[in-house]
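J.: With the input below, show me the fold.
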Amino acid sequence: MDKALEVGINFFDTANVYGGAGHKGWTEEIIGRWFAQGGNRREKVVLATKVFSDMKDQNDGPNFGRGLSAYKIRRHLEGSLKRLQTDHIELYQMHHIERNVTWEETWGAFEALVNQEKVYYIGSSNFAGWHLVQAQAAAAKRNFLGLVSEQHKYNLLCRLPELEVLPAAKEMCMGVIPWSPLGGGMLSGNVLSSVKGSRNAQRADSLSPQERSQLGAYSKLCAEIDESESGIALAWLLANPVVTAPIIGPRTLKQFEDSLSAVEIELSDDVLKELDSIFPGPGDKAPEAYVL
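T.: This is a model prediction of the structure:
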């Protein structure tokens, strides 16, 4: 995290549930302890976290499980603020769509938090295109800003969001924050050449012939233009004007430093066309993509 600030990366994303079974909230605690070290770390960071999942808190009562009731949003924000050792969050994101609570209740809760300056902006994650529109329409009725961003699974191997989510976000001037930009490591360049018995080797064994062919062609293209496979995958996302920034999740400092090359890579039209050939997208946005 110190290295990120050093090189100019200041957007940190987490979620209250991150940390795994038995220690939900662990990543928020880690960030909180880092903030507590001082050095204006908190002031330098644009902080994002999420709410929706079950925190296994017995005090949630009837609001246990997953959801976005007003009661749960307020309780879980206080838990996140405590773990993060801060009094505000720049971007508070709904981790998933809530199907059992009205938008009037949900927006009422978020609007109160914004008015209290505990939260500055509201974002969403894993929403469908029509969910984004529905959310914004409900917010507009309250004269509330509504959503400013959508965090979504999007990468060369998963281009389904191009049908409706990305066009919807663009139309409503929302930023898109792709998660899993390397397809869970499949686009990192370490799968086909993995050591037997490793986690990547297990991934390689599960590949279909088509997937193996795609990754082989992708590896060849990256070698021809002398760029890393992870760098090209991230640069491809950054080339899309709807994308604000991909969420990278490096495990080591070296992986982090390798990711930085993406901001320097400019993909030519020929390379972009070749990537489309290797990893075909839906072809067009909706409804054009549905028309035969």
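J.: Grab the nearest non-local neighbour of the spatially most central residue of the chain.
T.: The residue lying closest to the centre of the chain (Cα atoms, centre = their mean) is Trp179, at 3.4 Å. In space, and not counting its chain neighbours, Trp179 is closest to Ile247: 4.7 Å by Cβ to Cβ, 6 or more residues apart in numbering. The C-beta positions use only the backbone N, C-alpha and C, and glycine is treated the same way.
J.: Let me see the contact set for the one you found.
T.: Ile247 is in contact with Asp13, Gln151, Ile177, Pro178, Trp179, Ser180, Pro181, counting by Cβ atoms under 8 Å, 6 or more residues apart in numbering.
J.: What are the boundaries of the helices in the stretch 51-200 of the chain?
T.: Here the stretch 51-200 of the chain has its helices, by DSSP state H, counting those that start in this stretch, at 70-84, 103-115, 129-141, 165-171, 199-205.
J.: between those, which one is nearest to Gly8?
T.: Proximity to Gly8 (Cβ to Cβ) singles out helix 70-84 among these, at 21.9 Å.
J.: and the angle for the closest one with helix 103-115?
T.: Helix 70-84 and helix 103-115 meet at an angle of 30 degrees, taking axes from the mean of the first three to the mean of the last three Cα atoms, to 10 degrees as the criterion.
J.: I would like the residues contacting helix 70-84, please.
T.: 16, 25, 28-29, 31-32, 35, 47, 49, 51, 55, 57, 59-60, 63, 87-89, 92, 101, 105-106, 108-110, 112-113, 118-119.
J.: Distance of the residue nearest to the centre of the chain relative to Thr86?
T.: Distance, Trp179 to Thr86, by Cβ to Cβ, to the nearest Å: 22 Å.
J.: Same question for Arg99.
T.: According to Cβ to Cβ, Arg99 and Thr86 sit 31 Å apart.
J.: Which pLDDT value belongs to Asn200?
T.: Note on Asn200: pLDDT of 66.
J.: what about the strands in the stretch 101-250 of the chain?
T.: Ranges of strands in the stretch 101-250 of the chain, per DSSP state E, counting those that start in this stretch, are 119-125, 147-153, 175-179.
J.: which one of those lies closest to Cys222?
T.: Here strand 175-179 is closest among the strands of the stretch 101-250 of the chain (Cβ to Cβ), at 19.0 Å.
J.: packing partners for that closest one?
T.: Here strand 175-179 touches strand 147-153, helix 165-171, going by 3 or more Cβ pairs under 8 Å, 6 or more residues apart in numbering; DSSP states H and E.
J.: ends of stretch 1-11, how far apart?
T.: 10 Å (Cα to Cα, to the nearest Å).
J.: buried ones in that stretch?
T.: Ala4, Ile9 (16 or more other Cβ atoms under 10 Å).
J.: Mind checking the pLDDT average for it?
T.: The model assigns stretch 1-11 a mean pLDDT of 96.
J.: same thing with stretch 67-84?
T.: Average pLDDT, stretch 67-84: 95.
J.: quick revisit: in terms of neighbours, single out the busier of Arg99 and Thr86.
T.: The neighbour count for Arg99 versus Thr86, taken as other Cβ atoms under 10 Å, is higher for Thr86 (20 against 8).
J.: show me the contacts for Ala245.
T.: Phe11, Ile177, Leu238.
J.: now do Ile232
T.: Contacts of Ile232 by Cβ under 8 Å, 6+ apart are Tyr218, Leu221, Cys222, Ile225, Ala262, Ile265, Leu267, Leu275.
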